[in-house]
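# Just to be clear, the model below is a prediction. Sequence and coordinates:
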Amino acid sequence: MPFCLRIDKNMLTIRNLYTKYGPVSVLKNISLHVDQGDIVCLIGANGAGKTTLLLTVSGLIRPEKGEILLEGKRLNGLSPEKIVAMGVSHSPEGRQVFAPLTVLENLKLGAYPRGRAAASEIMEDLEEVFELFPRLRERQGQLAGTLSGGEQQMLAMGRAMMARPRLLLLDEPSLGLAPKLVDVIMETIVTLNSRGMTVLLVEQNASKALEIANRGYVLETGRIILQGPASDLAEDSEVRRAYLGRDYDSVSERTGPCSRV
Amino acid sequence: MQNDKVEYLSPDAWRQWHTELLQSTVNRAWDRIPFYRKAMEEAGVTKDDIASLDDISRLPFTTRDDLSLNYPYGLFSVPLRDIVRIHTLRSAQANPIALGYTESDLRHRRALSARFLSACGVTPDDIVQICLDPGMSNIWQDIREGAEQIGALVIPPDSISTGARLRVLADFKTTVLVTTPSYGLHLLSCLMREDVPVASLSLKNAVLVGETLTEETRSRLEDGFSVDTWSGYGIFEALGAGMAYECSQRSGLHLAMDHFIPEIINPETGRQLPPGEPGELVITTVTARANPLIRFRTGDITSIVTEPCECGRTTWRMMPVSGHCDNLVSLRGIRISPEYIANFIAERAGGVRLPCLMILRRRDHLMTMELRIAIGVENFSGSLPELHRWIREVEQAFEETIGVACRVKPVEAASIQDRVPAESGIGVVEERS
């Protein structure tokens, strides 16, 4: 072999992953990969298995079978704390901030898995979170339960970052947010990514997600049915119809014997 | 995956990516195309059986006959309203073959063709002249679109004489000639005959498609035209002109593995063969949206090299096609089924199957075809002028449907019967000059 450029630095690799909720198969034969420095998004209808996939990666659900590798090291079977310590942070759907604690306490809890890391290091990271989300600095003494939806989302992401992850799993960061706030959150994801953070993003708002992602996967009832560069997916007529809410019935009424999808 | 780096992925990354693409392709085909689902069920394979790239060998094959038997919409995996173009091809079966394309299919095809031409050194500064027979219109359209995507000036093959084409070549200072190896040699000999000095031309590159480029032809074209030559491979049923192409190393043709998974099989047993062994090329498209093809048998004999190339690309390479394992006849880059010709003649003879012999011979480098048809008193009752009129009609119809001229000659059955197999009623003879 003459030489081979190693340009595809792999962050996350999933092979033939199956996950069940009780007797119900939710993920079926899922294989996907996220390269270092990528933003990869998962799109699909409700119940397609997007959230389950993130929960399985972060160890909150045990896979039935399959392989999850972080930079070549096996993750499945490890406890969620171990997985966080290995560099994977999960910002869950619905924020899940600790309502009775203050913003600052929430953020510091995010650094908990780092154990005895130098306090100065944690203060540096805190400063970085405050710089990304100035709103959190203003409200650092406020109870998290009293924050608005957008602020809680910022807090959830900030808390995830406090673990110094190399891979950030984001579940529905735009859910229930006003359009302007959605843009703020998306811009923050891009900023984080430009600083070297690798992101696996689940979004209902598929068009926004495809705008900021490099690549995407489309899930349908627990299986991946399509993948490709985000720009390709955004232009795919089937993706547009099913997930971007843009039907073009008004333009054309071509129908044929194969008009089922 | 960005296009500029895709050709340089590591072998591990290719394996992962191909496994993902194979799984999603099988998922889509199973859910949306009853033909594939049935074929997979009959082969005893389910969606869950595809755990790695090696499992591709468990999937059933698809043939050209399958495409034609499922005419018109049987193999479409998207609703017709997502289809923006349909191409039809002739087939040996009663039905033609219909291939649909979504917008993204067309985009991929164009991008592949452009990547192929870029690998051949085509830039926006180039003037690309395409000289291919009308029968190869599908391929030259791919090439035209690819060259236009690069931003080059394109001169498509208009129906003018070879002499006029040579004039255009000189007058417009064509820098890239796209043609078949045999037409390239033909152009070269016309050039010499008309005493046009090669130095007066501006040619830099010749891109050769449709036929296998032998080393001998390559050096004759390179010396004669004083150009670099590049060969490409494509089949219309899949992704067209840019499916495999040479790099500057000229050590095989790089396969566009971001769009299909290639395999080599033993054409008799159907068993997959290891890298390096010659056999039939089988391809599984992994990005096609309208007409995904699973293990499509190309009929072309070649072998595959899986080691990365000196040029840095890690895509596998196929060697030049060394033959065919289907019974198609190659006439100037156009693949013709003898069975189709037999049906074509029978249709024009009021359903009577007349014994025919296809005679292929080279004239001035170009392959020409003569079709001898056995006509006697037992099957023709008209006058001689009527016979001549019928012959002329057949010749015209042939050129219209096949896209290349053919001489038709009525003969006595006895003169050809030893070369025409009784069961098919059509024979093929290649005369070496």
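Here it is on my side, so go on.
# Now do the same contact list for A:Met197.
A:Pro165, A:Arg166, A:Leu168 (C-beta atoms under 8 Å, 6 or more residues apart in numbering or on different chains). Backbone N, C-alpha and C define where each C-beta goes, glycine included.
# which bits of the stretch 301-433 of chain B sit near chain A?
Residues of the stretch 301-433 of chain B lying near chain A by C-beta under 8 Å from any C-beta of the partner chain: B:Glu307, B:Pro308, B:Cys309, B:Glu310, B:Gly312, B:Thr314.
# what about the last one, is that helix, strand or coil?
In this case it means B:Thr314. With DSSP: H, G, I helix; E, B strand; the rest coil as the basis, B:Thr314 sits in coil.
# what's the burial count for it?
Using other C-beta atoms under 10 Å in any protein chain shown, the number of residues around B:Thr314 comes to 24.
# ok, so what distance separates it from B:Phe116?
17 Å (C-beta to C-beta, to the nearest Å).
# how about stretch B:87-94, does it get close to chain A?
No. Judged by C-beta under 8 Å from any C-beta, stretch B:87-94 stays clear of chain A, getting no closer than 15.3 Å.
# Flag every buried residue along that stretch.
Neighbour-count burial for stretch B:87-94, counted by 16 or more other C-beta atoms under 10 Å in any protein chain shown, picks out B:His87, B:Arg90, B:Ser91, B:Ala92, B:Gln93.
# same deal with stretch B:267-282?
Those would be B:Pro267, B:Gln272, B:Leu273, B:Gly279, B:Glu280, B:Leu281, B:Val282, for stretch B:267-282 by 16+ other C-beta under 10 Å.
# how long is it end to end?
10 Å (C-alpha to C-alpha, to the nearest Å).
# Please enumerate residues in contact with that stretch?
Residues contacting stretch B:267-282 (C-beta under 8 Å, 6+ apart): B:57, B:61, B:262-266, B:295-306, B:316, B:318-319, B:321-322, B:325.
# Could I have the buried ones of the residues you listed as PyMOL selection syntax?
Selection of buried members from those for PyMOL, criterion 16+ other C-beta under 10 Å:
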select buried, chain B and resi 262+263+264+265+295+296+297+298+299+300+301+302+303+304+305+316+318+319+321+325
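# now the strands: where do they sit in chain A?
A:10-21, A:24-35, A:39-44, A:65-70, A:73-74, A:88-91, A:167-171, A:198-202, A:215-220, A:223-229 (DSSP state E).
# Generate TSV for those, with distance to B:Ser381 as supplementary columns.
Shown next, in TSV, are those (distance: least, C-beta to C-beta, whole Å):
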stretch	distance to B:Ser381
strand A:10-21	70
strand A:24-35	67
strand A:39-44	69
strand A:65-70	74
strand A:73-74	82
strand A:88-91	85
strand A:167-171	82
strand A:198-202	77
strand A:215-220	64
strand A:223-229	62
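# What residues does the closest residue in space to A:Ala85 that isn't next to it in sequence make contact with?
Excluding the flanking residues, the one nearest A:Ala85 by C-beta to C-beta, 6 or more residues apart in numbering or on different chains is A:Pro113, at 5.1 Å. Contact partners of A:Pro113, counting by C-beta under 8 Å, 6+ apart, are A:Glu81, A:Val84, A:Ala85, A:Ala163.
# circling back: out of the buried residues of stretch B:267-282, list just those in strands.
Among the buried residues of stretch B:267-282, the members found in strands (DSSP E) are B:Gly279, B:Glu280, B:Leu281, B:Val282.
# And those, which is closest to B:Leu166?
Taking C-beta to C-beta as the measure, B:Leu166 lies nearest B:Leu281 of these, at 35.0 Å.
# Any stretches of the chain with poor pLDDT?
With no chain named, the answer covers chain A. Within chain A, the stretches with pLDDT under 70 are A:1-8, A:245-261.
# meant chain B actually
Those would be B:1-4, B:433, if you go by pLDDT under 70 across chain B.
# A:Phe133 contacts A:Gln152, doesn't it?
No. Contact criterion C-beta atoms under 8 Å: A:Phe133 and A:Gln152 do not qualify, at 11.2 Å.
# Grab the longest helix from the chain for me.
Just so you know, I chose chain A. helix A:179-194 (DSSP state H).
# ah, I was thinking of chain B
Counting residues, the longest helix found in chain B (DSSP H) is helix B:11-32.
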